[in-house]
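Student: Just a sequence and a predicted model for now, questions to come.
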2 protein chains.
Amino acid sequence: MIQWQNGTVITPDQTKLPLQEVTLEIKTVEQMAEAIKTLRVRGAPLLGAAAAFGIALAAYHSKAHSKEKLLVELEDAGAIIKRQRPTAVNLFWGVDRVLNKARGFSGNVEELKAVVIEEAQKIADEDAQQNHAIGKNGAVLIKDGDTILTHCNAGELATVEYGTALGVIRAAWEQGKKIKVIADETRPLLQGARLTAYELKRDGIPVTLITDNMAGYVMHKGLVNKVIVGADRIVQDAVVNKIGTFSVAVLAHEHGIPFYVAAPKSTFDLAHKASDVVIEERKPEEVTHIGSHQIAPEGINVMNPAFDITPLKYVSAIICESQVYYSKDFGKFKDEGKRAK
Amino acid sequence: MIQWQNGTVITPDQTKLPLQEVTLEIKTVEQMAEAIKTLRVRGAPLLGAAAAFGIALAAYHSKAHSKEKLLVELEDAGAIIKRQRPTAVNLFWGVDRVLNKARGFSGNVEELKAVVIEEAQKIADEDAQQNHAIGKNGAVLIKDGDTILTHCNAGELATVEYGTALGVIRAAWEQGKKIKVIADETRPLLQGARLTAYELKRDGIPVTLITDNMAGYVMHKGLVNKVIVGADRIVQDAVVNKIGTFSVAVLAHEHGIPFYVAAPKSTFDLAHKASDVVIEERKPEEVTHIGSHQIAPEGINVMNPAFDITPLKYVSAIICESQVYYSKDFGKFKDEGKRAK
């Protein structure tokens, strides 16, 4: 959920949901960087659009009189945005796509500004279209009566609209399939409890909230038919997604439950492998505190990786806007990776 | 951690830790029942002693002039305590052991009071001894340099002293083995973050706190050599323990990491199978709120099972006070179950 309005980026503050619906009005690259760093703006596909709009903000508000000066400012803006979070590939992809367009442009400075803003808007529009396509492609895999477990939030909030994993759920629901969703709360930042539960409840799609450690229990009881999650990066041999995804994938595998990943191709990074991925380590307070409430002893050692890595052996299919890649197709990723190099 | 002092039961309020160290002074069965229901007093072995002391409180403060009258009061006290929590077998075991002693006693009313109090104290003393024996038996399985993952709190706080799972860790540490612990926070009530982290940090045993959904990540990274947990009930074919235990067991199994259960024989209920066990469902607010902080949308559906069931195929060994049962010994449980009937 993100919109460009005459030099302002409008998007919900996702750290305030579900108790408060606060709209951010972001006017500078620095504000966008802060919003990305603090997860006010989060979700891999949304980060692609947010990164692009961050460059667009730099262009719109620039006082540069030469194209060369503007390009330097845009490169600086890109560098600021890229250093906010190391794992989600869409952030780099969004910045690079706009910068590449700008670098190759031959018009004057005012035309360049327009081109940058247009390209950012195009990224956002494409994301919305892609999510509807992902939804349509993925809904084929969902049966009437299924209960689908999801982790974190790969919904409307995490994208420009409709969602990826929740886009598949929405599309199945819109086709009249009577489905139910079980949402992992997704510690430490509770995107499942706060965002997925909020989105689905608002839309009237039946959703039940569980703590992350109940996923095995509900699978063992036969309450789950499918798992669908999003992705922050898909490399040759693995899916990188919110911490806890790997545990869910292993549990699904053990119970013979299909484990699907729904993500746009902008999330694919087939030139790299799992071993190349830097996992963002976030501050300990996210684990030791919930809101202002301290839940652990003072000074305790903490680990806080924001993501984990799920080898493709645990993944049944990857749903993207162009097609569904089934596990038999995953071998192609290495060849595509070689071509990408 | 529980003590009898002239008609008062002294024990820490575990809901207040680690930020406040509040001591409960429990003087009536009703107060004990409330403390058990709200988890101020928790942990399977501690519940056995607490249940017995609950009956002892009824005896100590009774104004009954006849043995028959006192026995009725004790039976009533037992019924009150038993209905607080349905899953932990130690609660029933503690009540029944004291009541059986009382029922079979042939002296006068004052002598009966003394016998009941003495039997409760004996249960507490035995638990302390058993935990040291469990620690000694289990420490054999721990190697110098091991990193041990634990879930929930099966420590000093969950027992009369020393702990079961943490008793094994303590014993290994006291033997000079340089071990480290990774503690799952254990949502929804955070016994790992609040109690295990507190106990181990206080005792100088290195401990790192993670959210439950990081267990797979740390195993996949090769950071865990062993898993040890306690148990609320061990039946013929499964271990019943805190919600999330099953997920950890599956993850350990997938990574070839030994998964140990440490529990006194009072936790064994071999006359029953997993399918006989009633899983306590607790109130939704434990999931939707942390402290007074609401983390989910108003009115959201929630599941909140307090326990889950881990089939013995995922368990490498059960450490009790008399011996270590390795997986090859688990077949005996069915025969012992038949004899118990």
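Tutor: Good, I have the coordinates.
Student: Centre of chain A to the edge, which residue is at the far end?
Tutor: Largest separation from the mean C-alpha position in chain A: A:His65, at 36.1 Å (CA atoms, centre = their mean).
Student: just checking, it touches A:Val109?
Tutor: Yes: between A:His65 and A:Val109 a contact is recorded at 6.5 Å, counting by CB atoms under 8 Å. Backbone N, C-alpha and C define where each C-beta goes, glycine included.
Student: Please name the residues that touch A:Ala252.
Tutor: If you count contacts by CB atoms under 8 Å, 6 or more residues apart in numbering or on different chains, A:Ala252 has them with A:Leu149, A:Met219, A:Val224, A:Val227, A:Pro258, A:Phe259, A:Tyr314.
Student: Surely it is in a helix?
Tutor: Yes: judged by DSSP: H, G, I helix; E, B strand; the rest coil, A:Ala252 forms part of a helix.
Student: What pLDDT does the model give it?
Tutor: On pLDDT, A:Ala252 comes in at 98.
Student: With A:Ala340 instead?
Tutor: Confidence at A:Ala340, expressed as pLDDT, is 69.
Student: Might you report the residue contacts of the residue farthest from the centre of chain A?
Tutor: With contact set as CB under 8 Å, 6+ apart, A:His65 has these partners: A:Val109.
Student: now swap in A:Gly337 and tell me
Tutor: A:Gln236, A:Leu270, A:Ala271, A:His272.
Student: same deal with A:Ala263?
Tutor: A:Ala44, A:Pro45, A:Ile134, A:Ala154, A:Thr164, A:Gly230, A:Ala231, A:Ile234, A:Ile318, A:Ile319, A:Cys320.
Student: Break chain A down into its structural domains.
Tutor: Domain assignment for chain A by automatic domain parsing gives A:3-132, A:141-340.
Student: winner for burial among those?
Tutor: Mean neighbours per residue, mean count of other CB atoms under 10 Å in any protein chain shown, is largest over the domains of chain A for domain A:141-340, with a mean of 22.
Student: coming back round to it: and the furthest pair within the contacts of A:Ala252?
Tutor: Taking CB to CB as the measure, the contacts of A:Ala252 span a maximum distance of 15.0 Å, between A:Val224 and A:Tyr314.
Student: low-scoring stretches of chain A, by residue?
Tutor: Within chain A, the stretches with pLDDT under 70 are A:340-341.
Student: For it, just list every one of the helices.
Tutor: For chain A, helices defined by DSSP state H occupy the ranges A:29-37, A:44-61, A:67-82, A:89-103, A:109-139, A:165-174, A:191, A:197-202, A:215-220, A:245-254, A:285-288, A:332-340.
Student: Quick one: those helices as JSON lines, columns for distance to B:Ala52 too.
Tutor: Putting these into JSON lines (distance: least, CB to CB, whole Å) gives the following:
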{"stretch": "helix A:29-37", "distance to B:Ala52": "54"}
{"stretch": "helix A:44-61", "distance to B:Ala52": "55"}
{"stretch": "helix A:67-82", "distance to B:Ala52": "63"}
{"stretch": "helix A:89-103", "distance to B:Ala52": "59"}
{"stretch": "helix A:109-139", "distance to B:Ala52": "56"}
{"stretch": "helix A:165-174", "distance to B:Ala52": "50"}
{"stretch": "helix A:191", "distance to B:Ala52": "45"}
{"stretch": "helix A:197-202", "distance to B:Ala52": "42"}
{"stretch": "helix A:215-220", "distance to B:Ala52": "31"}
{"stretch": "helix A:245-254", "distance to B:Ala52": "38"}
{"stretch": "helix A:285-288", "distance to B:Ala52": "36"}
{"stretch": "helix A:332-340", "distance to B:Ala52": "61"}
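Student: For A:Pro18, grab phi and psi.
Tutor: Phi and psi for A:Pro18, reported as degrees, to the nearest 10, are phi -90, psi 0.
Student: gap between the residue nearest to A:Ile148 when sequence neighbours are not counted and chain B?
Tutor: Distance criterion CB to CB, 6 or more residues apart in numbering or on different chains; nearest residue to A:Ile148, sequence neighbours excluded, is A:Lys226 at 4.7 Å. As judged by CB to the nearest CB, to the nearest Å, A:Lys226 and chain B stand 18 Å apart.
Student: How about A:Thr147?
Tutor: As judged by CB to the nearest CB, A:Thr147 and chain B stand 12 Å apart.
Student: Can you dump the C-alpha atoms of stretch A:185-203 in CSV for me?
Tutor: What follows is stretch A:185-203, C-alpha atoms only, in CSV (Å, rounded to 0.1, in the frame of the first residue of the first chain):
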residue,chain,number,x,y,z
GLU,A,185,2.1,-14.3,15.1
THR,A,186,5.7,-14.0,13.8
ARG,A,187,7.9,-12.9,16.6
PRO,A,188,9.7,-10.7,17.3
LEU,A,189,7.9,-8.0,15.5
LEU,A,190,4.5,-9.8,15.3
GLN,A,191,3.7,-9.0,11.6
GLY,A,192,1.4,-12.0,11.6
ALA,A,193,-0.6,-10.9,14.7
ARG,A,194,-0.6,-7.2,13.9
LEU,A,195,-0.8,-7.1,10.1
THR,A,196,-2.0,-10.5,8.6
ALA,A,197,-4.7,-10.9,11.2
TYR,A,198,-5.7,-7.3,10.6
GLU,A,199,-5.9,-7.5,6.8
LEU,A,200,-7.7,-10.8,6.7
LYS,A,201,-10.2,-9.9,9.4
ARG,A,202,-11.0,-6.6,7.7
ASP,A,203,-11.7,-8.4,4.5
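Student: so, in contact with chain B or not, that stretch?
Tutor: Yes: Stretch A:185-203 reaches chain B (CB under 8 Å from any CB of the partner chain) through A:Glu185, A:Thr186, A:Arg187, A:Pro188, A:Leu190, A:Ala193, A:Arg194, A:Ala197, A:Tyr198, A:Lys201.
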